[in-house]
Every structure is written in structure tokens, then in C-alpha cells.
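**Student:** build the 3D model from these lines:
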Amino acid sequence: MKIVTLFYVLLISFSSIFGGKSIKQAEKAYKRANYIEAIKAYEKYASETEDIDAGVRSKMASCYYFLNRYDSALVQYEKIGEDNLDVDDLAVYGELVFKKGEFSKAKSIFSQPSLVSKAKSKQVLESIRWMEEKKEESSMKHVKKSPIKTYGQSFGTQYYKGGVIYSSSNSGNEMLDYHNAKNVDQKGFEFLNLYYSPLSQEGSLGQPVLFSESLVFDYHVGAVSFTRDYKKMYFTKVLKINDKKDVLQIFSAEYLAGSWSRQVSLNFNSEDYSCAHPAISITGDTIYYVSDKDGGIGGKDIYFSYKIGTGWSAPINLGKPINTSGDELFPFVDKYNMLYFASDGHPGYGGLDVFKASLNGEITDVENMGFGINSAYDDFAYTVDPENEDKALLSSSRDSKGTSDNIYFVSEKINIVRDDVVVVDTSKIYDYASTVRNGLSGAPITNAKVRIEFVDSERVLLDTKTDGKGYFKTAIDTSGIDHDEPLHIMVVVENEGFEPYSKMLSAGEFFESKGVYEEINLMPVLAHEQKVTIPQDRLRFALDSDVLSYEAKRLMERWFEYLSMHPTTRIRLNAHTDSQGNLDYNLQLSQRRADNAKAYLMQKGIREDRIIARGYGERYIINHCVDGVSCSDEEHEVNRRIEIIVVQD
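**Tutor:** Numbering: from 1, shown residues only. All right, here's what the predicted structure looks like:
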């Protein structure tokens with residue numbers, strides 16, 4: 001019995017020793033505002049200690065809140081008990097209850113005497129009253145989560161030359177150890193760089209590539225904006241002023257000789273306050289941005305500056321009704337001078353909501369974009385496609401319940417007309433959209449015949465041809481069809497010079513997938529010595545890189561299939577560059593790219609003697625963009641290509 005008692009005493013002693021060490025580490029990290037290290041130590045302490053006091057739980061909740069782990073923060077506050085929370089914790093608790101959608105409870109919390117006079121209480125209570133009036137309304141937009149990986153954060157997204165630019169990390173990890181990992185911020189997120197993914201008309205994305213090696217920095221970079229001709233960009237960069245202070249500043253860069261250079265800090269930046277999230281006007285003479293400089297209306301306001309010579313005017317606050325006592329972030333201005341921005345100060349659905357206001361004349365009205373675009377969590381960085389105003393991009397933390405950000409595609413909902421009455425019922429509408437491409441070059445095929453029908457009922461759903469970009473789309477109203485019926489859908493695509501394509505889907509597969517497919521590839525029937533030109537946008541390399549992208553590997557997979565099916569066929573694989581840069585360097589770069597494409601096919605099993613890989617650099621320019629001639633990037637891009645010539649024995 002004494003042995004058991006002694007063992008128990010020792011166990012308590014060791015627990016106390018190690019628990020004390022954990023709490024000291026936690027408190028030290030908490031004072032440094034290193035919340036990710038603090039919460040790890042607090043969690044270790046909690047696992048070693050049975051009785052945790054309210055003060056520790058309050059700090060744990062604060063850590064979780066700062067790290068956007070709202071559900072975990074709620075657990076700690078509820079263990080303390082609403083009646084035992086101090087004023088500051090009660091306000092945060094009420095905000096979390098509001099985010100959770102428990103509006104009656106949130107109203108009760110913020111109506112308490114200790115909170116009712118606070119600005120946050122007035123803001124939340126106004127939002128609840130506003131939502132009660134708007135509860136039957138929703139956005140007329142369709143929002144769909146994209147496959148873009150931001151690994152926890154999104155610093156803004158922009159359309160760029162047929163694709164999307166966004167911030168992402170290299171590691172593929174959502175959260176890293178701040179204490180042990182390099183290049184990690186205090187929330188545990190790896191510092192972000194800019195990446196580019198090509199975007200098809202039907203919404204599929206190619207593999208991301210680093211946007212520019214010249215825009216890789218020691219800290220976060222993101223929130224970009226481009227002039228209309230894409231020759232100049234503005235971007236946000238984190239600068240470290242000293243060991244205790246960081247600021248955000250806006251830089252410009254110019255696209256020259258194939259890279260982004262002449263990086264300049266804009267003259268309204270300061271080490272005393274941050275400037276971030278630039279949005280350049282369509283005319284290029286006004287820039288809108290976010291700043292926390294003294295004298296604003298709220299914590300962060302939207303400012304603007306106009307061009308004066310080669311510089312910019314001093315910051316001008318956009319004023320009310322745009323700016324509020326809360327934060328206004330991520331401005332974007334479309335070609336109609338409509339401003340889109342995020343705010344937690346205007347009445348909304350919780351967290352940051354997206355709003356819009358016209359900048360044409362005096363600003364008199366700010367409009368919430370509606371439920372669907374907005375959620376109970378943070379919704380921000382709304383960006384309109386300059387080529388199609390019915391499409392947009394949105395960042396939101398809705399799917400993670402506030403923990404991390406994802407990027408969403410936004411499009412117009414489809415209106416169904418029945419008996420001259422417009423009815424919106426997106427649950428019964430299934431889009432079938434695709435781009436038809438040459439399977440071996442990736443180039444779009446125009447005027448390809450497309451036929452889609454229910455096989456069992458012989459009901460024709462679509463009988464059309466692809467447009468000038470190889471694209472077709474149809475909206476199928478299935479409201480009168482039982483989704484469990486054993487129907488089959490046949491898709492047939494034909495074009496002269498290509499093998500016909502056909503695919504049969506069960507109705508269940510069709511409905512489950514919503515009918516959206518990335519692309520249809522037709523395999524060409526090739527003659528002896530026929531040349532297949534693969535444009536740069538289908539076989540993309542990062543700047544100065546010879547590494548095959550995911551998109552390039554997919555294309556090489558189809559060449560592997562073709563060569564496997566034609567065992568006597570050989571190919572000459574010729575790589576070309578544009579005229580920008582050094583002549584010898586371009587020659588070497590093109591040879592490395594050709595060699596890597598050949599190596600990939602050999603790894604798949606194609607014999608070496610069936611592939612001749614040659615790099616020609618800038619020897620065969622196919623337009624006027626030779627050395628010494630000024631050309632746009634679009635004109636140069638025509639020359640960045642791989643040509644494959646089929647040789648049949």
C-alpha cells in the first residue's frame with residue numbers, strides 16, 4: 001500500500017514539474033504574441049493538468065481566435081462560462097456565437113449592459129437587424145470552390161492573360177511550426193509567393209507555375225493589380241523595419257525583356273503605417289489601396305492616390321459611406337468604375353463581407369453582395385474577369401469554418417423560362433461545358449460537331465459546334481427527370497482529320513458530377529512528316545526553367561499513348577524560344593527543354609532511338625519579333641513553342 005501511495009505522489013510531482021514547465025513556455029510565447037507556439041505549450045499543459053484555471057483558458061481561447069480556430073476558441077469560452085467572462089472575452093465570445101449563426105444568443109450577449117455601448121456591439125446588433133430584414137434574399141450568383149491551393153491564406157487573386165494569379169506556399173502544408181520552421185509567420189503559415197495557373201473557359205485549372213522568379217522575397221507577397229495592357233503591375237510586399245515591426249508596402253514592377261523588373265516602392269509608402277491591396281483604375285491614373293495610417297475613420301480604410309508625373313499624390317481617404325469604424329480591405333475596380341471591397345464594419349452576415357459601390361460621381365450607396373457571395377465567415381478579394389463580367393473570383397474561409405482561406409469561382413445563375421415566367425432553380429440545372437482540343441498539341445478545335453443525348457429516351461440535349469476557342473456549353477433542365485432512373489447520356493464529338501470521340505455516362509454519374517468536364521481531347525490522324533505545333537500556353541515552363549509542368553506532362557502522356565499505339569512511328573521534338581535574352585542562353589535553354597520532354601517519354605517506356613530532341617533557341621522566329629524589334633509579350637509568346645514532327649516508317 002505504501003508503494004502504491006509513493007508511486008501516486010511521485011506521479012503527481014512529475015506532472016506538476018512538467019506541467020509547470022509547459023505553462024512557463026506558454027506564457028512566455030503568449031507575451032511575445034507567438035500564438036502558434038503558445039497554444040502548443042498550453043495544449044501540452046492542459047494534457048498534463050486536470051484543473052485549468054479561467055485565466056489560462058482565456059489565453060488559450062485568444063490564441064485559437066488569433067489563429068482563426070474559432071470552434072476551439074468557443075470550447076474554451078464555454079468551459080469558463082458566459083457569466084465568468086470579462087468584458088473583452090465576452091465581446092469575442094459574442095462574435096464567435098454570431099459567426100456560428102446563433103443570432104438570438106448573439107443578440108442577447110451584445111445587449112448586456114457591459115457591452116451595449118461598445119462599437120462592436122452596435123455593429124453586430126445592426127447586422128442582426130439587417131439580416132432579419134434580408135433573410136429571404138440571396139445573391140443571384142453561383143459560387144463554387146476552386147481547386148486552387150492557397151495553403152491557409154489568400155492575399156488576393158487576379159485574372160491574368162487567360163489564367164489566374166494567386167498566392168501560395170511551396171511546401172503544400174496548411175500550417176507549419178513557427179518555432180522550428182524557417183520562412184513562417186506567427187500564424188504558422190509559410191511565407192507566400194505568386195503563382196500562375198492557366199484557366200480554361202469551363203473553369204478547369206492547369207498546374208501552377210511560379211509567376212516570376214524576380215518576385216520571390218523573404219516575406220509574404222501578394223494582392224496584385226495590373227494595368228490594362230499587363231505591362232505594369234502593383235503588388236503588396238511585407239517589409240521588416242526592425243525586430244519588432246513589420247509594415248506592408250506597395251511596389252510597382254514593369255514587364256521588360258521577359259521578366260518583371262524595375263521594382264519601385266510607391267512614394268506614398270511609409271515606415272510609420274502600412275499600405276496594401278492595390279487596385280489600379282482602368283485608366284491607370286488612380287490607384288486605390290488599404291492603409292492603417294493615423295487619422296482614418298476605422299482601423300483600416302480605403303484610400304486613393306492619383307498620378308502626378310512619375311509619382312503619386314499623398315493618400316486621400318475615400319471617406320464615408322465606404323469606410324467605417326471597422327476594417328475595409330481588398331479593393332477592386334472594374335472597367336465600369338465599380339468598386340468591390342471587403343468590410344466588417346457595414347451590416348453583413350458575419351466576418352468580412354463583400355460590398356460594391358459606384359465610383360462614378362458622388363458615392364451615396366454601398367450594397368452588400370448578398371448571401372451566397374457572403375457567409376458567416378470571412379469573404380473578401382472579389383475580382384471580376386476583365387474578359388467576362390459574369391465571372392469573378394472570391395476568397396473565403398467558409399468551408400474551413402474560419403481556419404483557412406480558399407478561392408472560389410463565381411458565375412451567373414441560370415434562369416429557366418417556363419410558361420413565360422422566369423424561375424431560378426439551380427438544383428435542377430446541370431451545365432455541360434467543355435473545350436475540345438487537339439489531344440497531341442492542346443490547341444482548341446473550332447467547328448467540331450458535338451451531340452449529347454439521353455440514349456434511352458433519344459432526347460437530344462445538344463446538337464452544336466464548338467466556337468472559335470473550341471468551347472461549347474449547354475444548360476440542361478432536369479426538373480422533370482427522376483435522378484434514379486436508369487438513363488444513359490452519350491456524348492459524341494467529331495471533326496475531320498481526327499478520330500471520333502464518344503463517352504457514355506449513367507444519369508447518376510452525370511447528376512453527381514454536375515455535368516462539368518474539363519476538356520475533350522481528339523486524337524489526330526497524322527500523315528508522314530506532319531508537324532504538330534504545341535503552343536507555350538499548353539506546354540508551359542516557368543521563367544528560365546526547363547522543368548516540365550503538370551500540364552506539359554499531361555500532354556506528354558498523350559504522346560506516349562500515341563507512340564504506344566503506333567510502334568513504328570518516330571518523332572523529331574524541336575524546342576524554340578523567343579528572341580528575348582541572350583542568344584546562346586536561349587539555345588541552351590531550348591535544348592534542355594527538348595531533352596526533358598524526351599526523357600519523360602523514355603521514362604514511360606518509349607525507346608530512345610524513336611525520339612530526336614533538338615533545341616533551336618531563337619533561330620526560327622515565326623513572326624516579326626526578332627532581335628531589336630519591340631513586341632508585346634503576346635507577340636513574343638507565339639515563338640515560345642515545341643514542334644513535334646511525326647516520321648512514319
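
**Student:** pick out the residue nearest the middle of this protein.
**Tutor:** Nearest residue to the geometric centre of the chain (Cα atoms, centre = their mean): Ile407, 3.9 Å.

**Student:** which stretches in the stretch 251-400 of the chain count as strands?
**Tutor:** Ranges of strands within the stretch 251-400 of the chain are 259-265, 275-280, 286-291, 301-308, 311-312, 316-317, 328-333, 338-343, 353-358, 367-368, 379-385, 388-396, based on DSSP state E, counting those that start in this stretch.

**Student:** in the sheet, who's paired with the residue nearest to the centre of the chain?
**Tutor:** Ser395 (DSSP bridges).

**Student:** so it sits against Leu394, correct?
**Tutor:** Yes: Ile407 lies in contact with Leu394 (Cβ atoms under 8 Å); the separation is 7.2 Å. Glycine gets a C-beta too; all of them are placed from N, C-alpha and C.

**Student:** show me the contacts for the residue nearest to the centre of the chain.
**Tutor:** Contacts for Ile407 were tallied using Cβ atoms under 8 Å, 6 or more residues apart in numbering; they are 145-146, 148, 150, 154, 157, 164, 166, 393-395.

**Student:** apply 10 Å and report the result again.
**Tutor:** The contact partners of Ile407, by Cβ atoms under 10 Å, 6 or more residues apart in numbering, come to 145-150, 154, 156-157, 164, 166-168, 205, 381, 383, 393-396.

**Student:** on that earlier part again, dump the strands of the stretch 251-400 of the chain into a markdown table; add mean neighbour count and distance to Asp633 as well.
**Tutor:** Shown next, in a markdown table, are the strands of the stretch 251-400 of the chain (neighbours: other Cβ atoms under 10 Å; distance: least, Cβ to Cβ, whole Å):
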| stretch | mean neighbour count | distance to Asp633 |
| --- | --- | --- |
| strand 259-265 | 14 | 10 |
| strand 275-280 | 25 | 18 |
| strand 286-291 | 24 | 22 |
| strand 301-308 | 19 | 23 |
| strand 311-312 | 16 | 25 |
| strand 316-317 | 14 | 33 |
| strand 328-333 | 25 | 23 |
| strand 338-343 | 24 | 27 |
| strand 353-358 | 21 | 31 |
| strand 367-368 | 17 | 36 |
| strand 379-385 | 24 | 19 |
| strand 388-396 | 20 | 21 |
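
**Student:** I'd like to know which of those lies nearest to Ile489.
**Tutor:** Distance to Ile489, taken as Cβ to Cβ, is lowest for strand 388-396 among the strands of the stretch 251-400 of the chain, at 26.0 Å.

**Student:** could you export that closest one as CSV, CA atoms only?
**Tutor:** Extracted in CSV, the C-alpha atoms of strand 388-396 (Å, rounded to 0.1, in the frame of the first residue of the first chain):
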residue,chain,number,x,y,z
ASN,A,388,-16.3,38.2,-69.0
GLU,A,389,-18.0,40.4,-66.4
ASP,A,390,-20.4,37.5,-65.5
LYS,A,391,-17.4,35.7,-63.9
ALA,A,392,-15.4,36.5,-60.8
LEU,A,393,-13.1,35.1,-58.2
LEU,A,394,-13.7,35.2,-54.4
SER,A,395,-11.7,34.3,-51.4
SER,A,396,-13.5,32.9,-48.3
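
**Student:** which elements pack onto that strand?
**Tutor:** Contact here means 3 or more Cβ pairs under 10 Å, 6 or more residues apart in numbering; DSSP states H and E; on that basis strand 388-396 packs against strand 141-145, strand 158-160, strand 163-168, strand 328-333, strand 338-343, strand 353-358, strand 379-385, strand 406-412.

**Student:** and Glu635, what are its phi and psi?
**Tutor:** phi -70, psi -40 (degrees, to the nearest 10).
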